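>>> Model the following, please.
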Amino acid sequence: MNIGPFTFEEFKAKAAAFHGYPAPGLLIGGYMVEMARRQLPEGTLFDAVVETAKCLPDAVQILTPCTIGNGWVRILNLGRYAVTLYDKYTGDGVRVWVDTEKLRRWPETSAWFLKLKKKADQDSDLLFREIEEAGETLCSMALVHVDDRYRKHKSMGRVGVCPICAEAYPPNDGAICRGCQGEAPYGDSFRPVPESPCLSPIHESPAAQAQASAGPQLTAVPVAEAVGKKALHDMTRIVPGESKDAEFRAGQVITGGDVCRLQTMGRAHVYLEQDTPDGFIHENEAALAFAKLMAGENVSFDETPREGKLNFRATATGVLLLDRQRMEAFNLVPDVMCASRHHGVLVEEGKEFAGARAIPLFLAAENFRKAQTLLSAGPLFTVAPLKAARVGVLVTGTEVFQGLIEDKFAPVIREKVERLGSQVVAVDIVPDDAGQIARSVGKLLAAGANLIVTTAGLSVDPDDVTRKGLLEAGLTDMLYGAPILPGAMTLLGKLACPAGSASVMGVPACALFHKATSFDILLPRVLAGLEIKRADLAEMSEGGFCLNCRTCVFPKCQFGK
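Numbering: from 1, shown residues only. Got it, this is the predicted structure:
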């Protein structure tokens, strides 16, 4: 039986030339492709979906204009031996697959396809004869419609240049390419081939790369010979359960009396101060260079690193803003590290929130260059300082307005905002009436409030009309609901009306019963003037589940981080 315009033997030869050998799956695939193509109207511009990565895609590429390279073949590896050809404009097409029921008539082909025989036990000549004789009778066919999401060709999108390897890559993959993120299959074996007998100045020789990986060659001397000379690095003395600190500092002159102390520390040899080896950067020099690039507004750092390490501090109380993607990319560079608190947390003036270091005593110049390149795009850390707000508290609830229930919301809100440096300028209690809520907003704005915190009436009950009243007062940019528990029914928005403008925060009733809720997580961001979008709230879902510990230690816990 022919396969399209080819005899079986002719197609077998084409398969061997294209695929490397005439694989049985490729021969059967030829019949499958031709079955599908005959069902398409003459002149149809078609694409292909192949449900396996084995052999069958090559049959499509041999017999049709569709190739993996031109994007007209999509491999959707479902593990099924099936191919679909479809009209690229309408999506209507034909699916052909190997039918296991029909295979029963062909024992050698069935044993091969279902892996019932070891390869050494298969009769190849019989297998090829069966495939030629069976042809299309091995397959079944169905009319299908390919969904739009599978028909659209993916655009390459923007092209960037990886700051580490300097090769082009799609920036959606991250701050550096996926190869430099550790997904390349070469490990440390990558060795550029020079374009001329002399090594290109851009690349190091294999010997130089090996030395950079192992570090510079340093010489240790017996402690007795070190008297009168300077120590190369800090040497730590550890007393279990008591202390762990540097007994000797880098640059310290070793005296005769130090010999015994060094020996009791287990130091039979010491390294002496020397010039920085060629091709390397001293740990302290590297750490200081990194810190200058990492620190942004309202961030300071230790000017004198120790053992290649330094820490960062906030110079103002505010919200930590962290470029997480680039910090992750920095940590993918060998022999450097940076660790910090979570993005979006409240940091206090003068308190440390991050640290960075060069890990070896001497950092390879190539790794130093890679790290600096990543950091050159801008700081990793900034702190958005809190601004003192004039807060108007709007308490809603008919039962509270009528005095049937004591209001406990206002004191809770007052304590939380004053703790962050703001002040409550007015409190108003109104019934569950949209019109009165709207009028109360005007009163609070007239009292000078630039942040209105409204409480209660935010659930889905029909009589909870707080949102309706706020909208009537001119609420815009409303975000209602957050993936944070407790506090899912929180509200954020803005007011801009003739009476004035203000930010708005709606606090659900859970704030009365829990020490920490979504209000505590979001309030610092609002006071720092940060725009909060739905995507920002979605990111808070990880870490947004409070454990309701018997003794609450928020913010010294993982809630909201």
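
>>> Burial check on the residue lying closest to E136 once chain neighbours are set aside, number of neighbours?
Counting by Cβ to Cβ, 6 or more residues apart in numbering, Y31 is the residue found nearest to E136 once chain neighbours are left out, at 4.8 Å. C-betas here are computed from N, CA, C, even on glycine. Around Y31 there are 26 other residues, counting by other Cβ atoms under 10 Å.

>>> contacting residues for Y31?
Each residue near Y31 by Cβ atoms under 8 Å, 6 or more residues apart in numbering is listed here: M1, I3, G135, E136, L138, C139.

>>> Pull out the buried residues from those.
I3, G135, E136, L138, C139 (16 or more other Cβ atoms under 10 Å).

>>> Return the subset of the residues you listed lying in helices.
Among the buried ones among the contacts of Y31, no member is found in helices (DSSP state H).

>>> Just say helix, strand or coil for Q217.
The three-state assignment at Q217 reads coil, by DSSP: H, G, I helix; E, B strand; the rest coil.

>>> any idea how far A289 is from it?
When distances are taken as Cβ to Cβ, to the nearest Å, Q217 and A289 turn out to be 24 Å apart.

>>> okay, those two: which has more neighbours?
In this comparison of Q217 against A289, neighbours counted by other Cβ under 10 Å, the higher total goes to A289 at 17 against 7.

>>> Not counting its neighbours along the chain, what's nearest the more buried one?
Counting by Cβ to Cβ, 6+ apart, Q372 is the residue found nearest to A289 once chain neighbours are left out, at 6.6 Å.

>>> Counting neighbours, what do you get for the one you found?
With neighbours defined by other Cβ under 10 Å, the count for Q372 comes to 19.

>>> after whichever strand or helix holds it, next one along is what?
Element membership of Q372, judged by DSSP states H and E, is helix 365-375. Elements were assigned by DSSP H and E; along the chain past helix 365-375, the next helix or strand is strand 381-385.

>>> any idea which helix or strand comes after that following strand?
Next helix or strand after strand 381-385 toward the C-terminus (DSSP H and E): strand 390-396.

>>> Partner strands of that next one, with direction?
Taking DSSP bridges as the criterion, strand 390-396 pairs within the sheet with strand 423-430 (parallel), strand 451-455 (parallel).

>>> deepest of those, which one?
The densest packing among the strands paired with strand 390-396, expressed as mean neighbour count by mean count of other Cβ atoms under 10 Å, is seen in strand 451-455 with a mean of 27.

>>> Now that one: average pLDDT?
Taken as a whole, strand 451-455 has an average pLDDT of 94.

>>> Figure out how far that strand is from the centre of its chain.
On the basis of Cα atoms, centre = their mean, to the nearest Å, strand 451-455 is displaced by 34 Å from the centre of the chain it belongs to.

>>> How about stretch 491-509?
With Cα atoms, centre = their mean, you get 33 Å for stretch 491-509.

>>> now swap in stretch 58-66 and tell me
With Cα atoms, centre = their mean as the basis, stretch 58-66 stands 38 Å off its chain's centre.

>>> mean confidence score for that stretch?
In this model, stretch 58-66 has an average pLDDT of 96.

>>> For it, list the C-alpha coordinates in PDB.
Extracted C-alpha coordinates of stretch 58-66, given in PDB (Å, rounded to 0.1, in the frame of the first residue of the first chain):
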ATOM      1  CA  ASP A  58       8.700  13.400  11.600                       C
ATOM      2  CA  ALA A  59       6.000  11.800   9.400                       C
ATOM      3  CA  VAL A  60       4.100  15.200   9.400                       C
ATOM      4  CA  GLN A  61       7.300  17.000   8.400                       C
ATOM      5  CA  ILE A  62       8.200  14.600   5.600                       C
ATOM      6  CA  LEU A  63       4.700  14.600   4.000                       C
ATOM      7  CA  THR A  64       3.400  18.100   4.600                       C
ATOM      8  CA  PRO A  65       4.600  21.700   4.600                       C
ATOM      9  CA  CYS A  66       4.100  21.700   8.400                       C
END
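
>>> Tell me which residues of it come out buried.
Of all the residues in stretch 58-66, those buried under the rule 16+ other Cβ under 10 Å are D58, A59, V60, Q61, I62, L63, T64, C66.

>>> Can you check my assumption that the last one lies in a strand?
Yep, that's C66 we're talking about. No. The assignment for C66 by three-state DSSP gives coil, which leaves it out of any strand.

>>> check contacts around the residue nearest to it when sequence neighbours are not counted.
By the measure of Cβ to Cβ, 6+ apart, the closest residue to C66 outside its immediate chain neighbours is W72, 3.8 Å from it. For W72, the set of contacting residues under the criterion of Cβ under 8 Å, 6+ apart consists of D47, A48, P65, C66, K88.

>>> And for R306?
Residues near R306 by Cβ under 8 Å, 6+ apart: D234, A246, N284.

>>> Please identify which helix or strand holds the second one.
Yep, that's A246 we're talking about. A246 is located in strand 243-248, with elements delineated by DSSP H and E.

>>> so what secondary structure elements neighbour that strand?
Using 3 or more Cβ pairs under 8 Å, 6 or more residues apart in numbering; DSSP states H and E as the contact test, the elements touching strand 243-248 are strand 235-239, helix 258-264.

>>> how about those in TSV, adding distance to G344 and mean neighbour count?
Written out in TSV, the entries for the helices and strands packed on strand 243-248 read as follows (distance: least, Cβ to Cβ, whole Å; neighbours: other Cβ atoms under 10 Å):
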stretch	distance to G344	mean neighbour count
strand 235-239	36	14
helix 258-264	47	15
